[in-house]
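A.B. asks: Following is a predicted model, sequence given first.
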Amino acid sequence: MRHPIRFLASLSALVVVAACGGTTVPTTPVDPDRLSLREIKRVESEIRPGYDAARVTPKAQVPVSGQATYAGYVAGDMSLPTGNTDVAGVMVMGVDFTNNRVGGTVGNFVTSRNEEMDGTLSLRNGVLDRRLNSSQVTIRSDVDGRLVDESGDTYVLDGAITRGGFKGSSGQYVGVPMTGSVVTDAGVSRGTQRGTFGLTGILER
């Protein structure tokens, strides 16, 4: 049986930090090596205890130079008039501490019914905001993308990370809650629906 954390480490190698100081990442999912819902839960069980036990990283202890790659899981839901869909997935994020830039990809989505969703969400215009909060560094980014479920229904997500942050003595972990709107073409019988989504990513480097 493969080790989910090692799989995430292999995904981390795909993050490319551009020479110009921006952070770019792949925008397509890694196939066929998807993680199952059970494997994503295993990733959660290995990362979450350390994240929960760690304290928020003081601003002075967040690096001001260098680069790092974080990998982990996301969990949350999409809320539509027809009901909620719980989802989980994996996330890879690159951080350029020198230029205060952030980029990343969220993908490998699986519903609570163990149904796969193709597509990815991308972090765009991501920054480390060192001024917003007097005691800690805030991670902010736009988040958008398109997902397709096994029935062929499409979900267009458009949102943002507004209060992500670091935990651990030197920023070993990040938590990145993301929220926004979702529009789905749910087929002829139900038509277009509009709702909201909320996901939280927990990652480690």
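C.D. replies: Cool, the structure landed.
A.B. asks: Which strands or helices does the host helix or strand of Ile202 pack on?
C.D. replies: Element membership for Ile202, per DSSP states H and E: strand 192-204. Judged by 3 or more C-beta pairs under 8 Å, 6 or more residues apart in numbering; DSSP states H and E, the packing partners of strand 192-204 are helix 37-53, strand 67-80, strand 83-96, strand 154-167, strand 173-185. Just so you know, the C-beta spots here come from the backbone N, C-alpha and C atoms, and that holds for glycine as well.
A.B. asks: What strands flank it, and is each parallel or antiparallel?
C.D. replies: strand 67-80 (antiparallel), strand 173-185 (antiparallel) (DSSP bridges).
A.B. asks: so how far is Ala53 from the nearest residue to Gly159 once chain neighbours are set aside?
C.D. replies: In this structure, Gly159 finds its nearest non-sequential neighbour in Gly180, 1.8 Å apart by C-beta to C-beta, 6 or more residues apart in numbering. Per C-beta to C-beta, to the nearest Å, Gly180 is found 30 Å from Ala53.
A.B. asks: Tell me which of these two has more neighbours.
C.D. replies: Neighbour count, other C-beta atoms under 10 Å: between Gly180 and Ala53, Gly180 has more, with 17 against 10.
A.B. asks: Convert the C-alpha atoms of stretch 82-93 to CSV, please.
C.D. replies: Extracted in CSV, the C-alpha atoms of stretch 82-93 (Å, rounded to 0.1, in the frame of the first residue of the first chain):
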residue,chain,number,x,y,z
THR,A,82,-30.7,21.0,-3.9
GLY,A,83,-28.5,20.3,-0.9
ASN,A,84,-24.9,20.2,0.4
THR,A,85,-22.1,18.1,-1.1
ASP,A,86,-19.3,17.3,1.3
VAL,A,87,-15.9,17.1,-0.5
ALA,A,88,-12.3,16.4,0.3
GLY,A,89,-9.1,16.8,-1.8
VAL,A,90,-5.4,17.5,-1.8
MET,A,91,-3.6,20.8,-2.0
VAL,A,92,0.0,21.9,-2.8
MET,A,93,1.1,25.4,-2.1
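A.B. asks: Perfect, that will be all.
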